[in-house]
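Asker: Just need the structure, nothing else, for what follows:
(one chain, ligands or ions: 1)
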Amino acid sequence: MSDSSFASSTPSASPTAASSVAWQALQQHADATRGLQLRQAFAEHPERFDALSEQAAGIFLDYSKNLVTEDTMRLLFSLARERGVEARRDAMFGGERINNTEDRAVLHAALRAPREVAGATVDGRPVGAEVHAVLDRLGQCAESIRSGAWTGYTGKAITDVVNIGIGGSYLGPKMVCQALRTFAHPRLSMHFVSNVDGHDLDALLTRVNPETTLFIIASKTFTTQETMMNAQSARSWFLQHGEEKDLAKHFVAVSTNTEAVTAFGIDPANMFGFWDWVGGRYSVWSAIGLPVAIAVGADGFREFLAGAHAMDEHFRAAPLERNLPAILALIGIWNRNFLGMSSISIAPYHQDLASLPGYLQQLEMESNGKHVDADGKPLTVATCPVIWGDTGTNGQHAYFQLLHQGTDVIPVDFIASLAAAHALPGHQEALLANCFAQSEALMRGKTEDEVRAELAGQNMSAERIAALAPHRTFPGNRPSTMLLLDALTPASLGALIALYEHKVFVQGVIWGVNSFDQWGVELGKVLAKTIMNELVAGPNTKAHDASTNGLIARARAALSQPSN
Ligand SMILES: O=P(O)(O)OC[C@H]1O[C@H](O)[C@H](O)[C@@H](O)[C@@H]1O
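Answerer: Numbering: from 1, shown residues only. Model (predicted):
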């Protein structure tokens with residue numbers, strides 16, 4: 001189907017989330033269960049952990065420390081069914097143009113389907129052969145860089161790979177390369193330049209050798225201002241050392257836009273393509289993953305894809321009640337829409353997952369940060385919460401204070417790997433102990449009676465106890481979810497990312513938004529072009545407000561100083 005709208009491809013779905021029978025039932029249920037105390041729920045139901053945990057594709061999900069009962073979950077699963085999640089999921093995997101505002105299919109899952117699987121079609125055309133042809137070329141390129149067969153203009157092997165890209169052409173490859181650091185080739189250093197701020201590229205260029213540096217210009221559109229400017233500057237820098245004829249050994253491109261790549265001066269033989277049915281924030285599985293393939297090798301990259309594929313298969317086949325992405329999504333809906341929580345903290349207890357919160361910010365907030373539904377009607381329910389976070393245990397010494405005792409209740413996704421990839425004694429035990437302790441502390445809290453008894457045991461005066469007790473009391477009953485990997489590997493990381501992708505999808509369907517466009521980033525881009533011209537050519541004061549005019553004037557004065 002070519003012009004499907006959200007409504008037409010989900011005939012059984014309720015017209016809006018809020019008008020669905022299940023939504024209304026959930027609202028009543030929320031009112032009736034407001035007093036739910038997790039401590040008590042655990043004490044009264046020893047089976048709670050088994051009942052509210054699930055496992056698939058190498059990921060164990062414990063959602064028992066959320067403010068839900070089995071009845072809550074039943075109602076949430078009904079909501080997902082009433083909103084047509086299953087039909088919508090099948091439409092996505094079936095290659096329907098569910099991205100209605102851009103009239104595109106959404107087939108990032110096809111990028112990770114193995115060769116032998118028949119795979120998806122777009123407009124009746126199978127895409128698997130093209131996907132695997134690019135993947136094969138990508139693998140060959142990565143292996144020749146790794147082996148040293150690919151040499152720079154003076155015949156030396158590549159030592160530094162610089163990915164120039166932003167948004168989805170940056171966050172995914174950077175996060176994955178960092179996460180799979182222990183699997184990476186020892187000779188190769190991976191770098192990621194994204195910001196139009198020249199300090200980003202400048203800081204790198206002072207450290208790398210043009211003879212042994214390969215630049216990957218990664219941009220789906222090949223028009224993004226930041227990437228094009230950084231690419232031009234990198235090219236000019238290179239040409240201060242090498243010659244035009246050497247560019248092919250030092251610049252490759254990943255894009256859907258062959259024309260623009262050629263115009264930039266990159267030989268199409270050095271270009272890896274992908275397709276408009278791959279959204280930027282879903283593109284790490286495509287040729288945008290080239291840095292990953294270079295770092296961990298073609299086989300490692302395929303294992304990463306295979307892990308995601310295992311999650312895809314689980315998402316497609318498992319009943320909602322046992323379906324990890326559906327469960328994670330529904331817990332999020334419950335917290336956001338029925339308990340009024342407006343942010344989620346992501347706490348990876350693994351230093352190599354330090355970039356995961358930033359990656360998930362784009363995945364979730366760019367996908368579901370919408371104020372109208374897929375048909376353009378204003379939404380009557382809240383959509384994507386704010387996603388933020390940092391690694392544990394670091395966050396514990398920074399903002400966990402607010403998580404434990406602040407006035408906002410913020411659910412936490414804890415993510416940990418059971419096995420460590422280092423041999424330093426005691427560290428992994430300390431890390432996991434902290435991770436589990438934080439989720440326990442958020443749930444249990446500490447009552448005033450407990451605090452008073454503890455302080456009395458320390459021979460404190462009654463007066464001092466009375467003064468301190470409120471400060472040392474923890475409200476508790478604060479929800480969190482635990483995701484455990486056996487180990488952080490290419491496959492488990494692939495499954496983890498795919499889990500979050502499908503979570504975002506399920507939430508988008510329930511809210512009724514198009515999770516695959518991002519019009520909200522356009523206005524600022526357009527205004528920046530105007531202001532950029534004015535910073536150079538002089539202001540058009542009629543075009544702006546007094547604040548913007550004032551700022552432009554100050555910047556022009558500074559930029560015209562001789563040092564600039
Ligand atoms: O890959 P590109 O076409 O350069 O796009 C890079 C990024 O910029 C855009 O503004 C979008 O917000 C992102 O979704 C996208 O990933």
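Asker: ok, Gly265 touching Arg235?
Answerer: Yes - the pair Gly265 and Arg235 passes the contact test of CB atoms under 8 Å, sitting 7.3 Å apart. C-beta here means a position set from N, CA and C on the backbone, and glycine is covered the same way.
Asker: more crowded one of the two?
Answerer: Set Gly265 next to Arg235 and count neighbours by other CB atoms under 10 Å: Arg235 wins out with 19 against 14.
Asker: hmm, back to that, can you check which residues contact both of Gly265 and Arg235?
Answerer: 247, 251 (CB atoms under 8 Å, 6 or more residues apart in numbering).
Asker: tell me the domain ranges of the chain?
Answerer: Domain assignment for the chain by automatic domain parsing gives 3-83+318-444+478-517, 133-301, 521-559.
Asker: So for the second one, mean pLDDT?
Answerer: What domain 133-301 shows for mean pLDDT is 97.
Asker: can you give me the end-to-end distance of that domain?
Answerer: Taking CA to CA, to the nearest Å, domain 133-301 runs 15 Å from one end to the other.
Asker: near the ligand, anything from that domain?
Answerer: Yes - judged by CB under 6 Å from any ligand atom, domain 133-301 comes into contact with the ligand at 166-169, 219-221, 224, 227, 280-281.
Asker: and which of those residues is nearest His199?
Answerer: Nearest to His199 among the residues of domain 133-301 next to the ligand, counting by CB to CB, is Ile166 at 14.8 Å.
Asker: For the residue of the stretch 451-564 of the chain found nearest the ligand, which residues are in contact?
Answerer: Residue of the stretch 451-564 of the chain nearest the ligand, by CB to the nearest ligand atom: Val521 (3.9 Å). By CB under 8 Å, 6+ apart, the contact set of Val521 is Glu366.
Asker: picking that back up, which two in the residues of domain 133-301 next to the ligand are spaced the farthest apart?
Answerer: So, the residues of domain 133-301 next to the ligand by CB to CB: farthest apart are Thr227 and Arg281, at 15.2 Å.
Asker: quick one: the strands in the protein?
Answerer: 53-56, 59-62, 121-122, 125-126, 160-164, 189-193, 213-218, 251-255, 271-273, 343-349, 386-389, 412-417, 480-485 (DSSP state E).
Asker: Including mean neighbour count and distance to Thr206, could the ones you listed go into CSV?
Answerer: Shown next, in CSV, are these (neighbours: other CB atoms under 10 Å; distance: least, CB to CB, whole Å):
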stretch, mean neighbour count, distance to Thr206
strand 53-56, 17, 46
strand 59-62, 20, 41
strand 121-122, 17, 45
strand 125-126, 12, 48
strand 160-164, 24, 12
strand 189-193, 21, 12
strand 213-218, 26, 12
strand 251-255, 26, 19
strand 271-273, 20, 28
strand 343-349, 24, 31
strand 386-389, 19, 32
strand 412-417, 24, 35
strand 480-485, 22, 37
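Asker: could these go into a markdown table alongside distance to Val513?
Answerer: Putting the strands of the chain into a markdown table (distance: least, CB to CB, whole Å) gives the following:
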| stretch | distance to Val513 |
| --- | --- |
| strand 53-56 | 26 |
| strand 59-62 | 24 |
| strand 121-122 | 22 |
| strand 125-126 | 28 |
| strand 160-164 | 30 |
| strand 189-193 | 30 |
| strand 213-218 | 27 |
| strand 251-255 | 27 |
| strand 271-273 | 29 |
| strand 343-349 | 17 |
| strand 386-389 | 16 |
| strand 412-417 | 21 |
| strand 480-485 | 22 |
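Asker: Identify whichever of those lies nearest to Gln401.
Answerer: strand 343-349 (12.4 Å).
Asker: Within its sheet, name the partner strands of the closest one and how each one runs.
Answerer: strand 386-389 (parallel), strand 412-417 (parallel) (DSSP bridges).
Asker: Any chance of those in CSV with mean pLDDT and distance to the ligand as columns?
Answerer: What follows is these, written out as CSV (pLDDT from 0 to 100; distance: least, CB to the nearest ligand atom, whole Å):
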stretch, mean pLDDT, distance to the ligand
strand 386-389, 98, 15
strand 412-417, 98, 22
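Asker: Which stretch among those strands approaches Asn533 most closely?
Answerer: The nearest among these, by CB to CB, is strand 386-389 at 33.4 Å.
Asker: Can you list the neighbours in contact with that closest one?
Answerer: Applying CB under 8 Å, 6+ apart, the set of residues contacting strand 386-389 from outside is 342-348, 357, 360-361, 364-365, 395, 412-413.
Asker: From the residues you listed, pick the one nearest Arg83.
Answerer: Glu364 (18.2 Å).
Asker: need the longest helix for the protein.
Answerer: Ranked by residue count, the top helix of the chain under DSSP state H comes out as helix 290-317.
Asker: buried sites along that helix?
Answerer: 290-298, 300-315 (16 or more other CB atoms under 10 Å).
Asker: what's the neighbour count on whichever residue of the stretch 351-500 of the chain sits closest to the ligand?
Answerer: Using CB to the nearest ligand atom, the closest approach of the stretch 351-500 of the chain to the ligand is made by Glu366 at 5.7 Å. By other CB under 10 Å, 22 other residues sit near Glu366.
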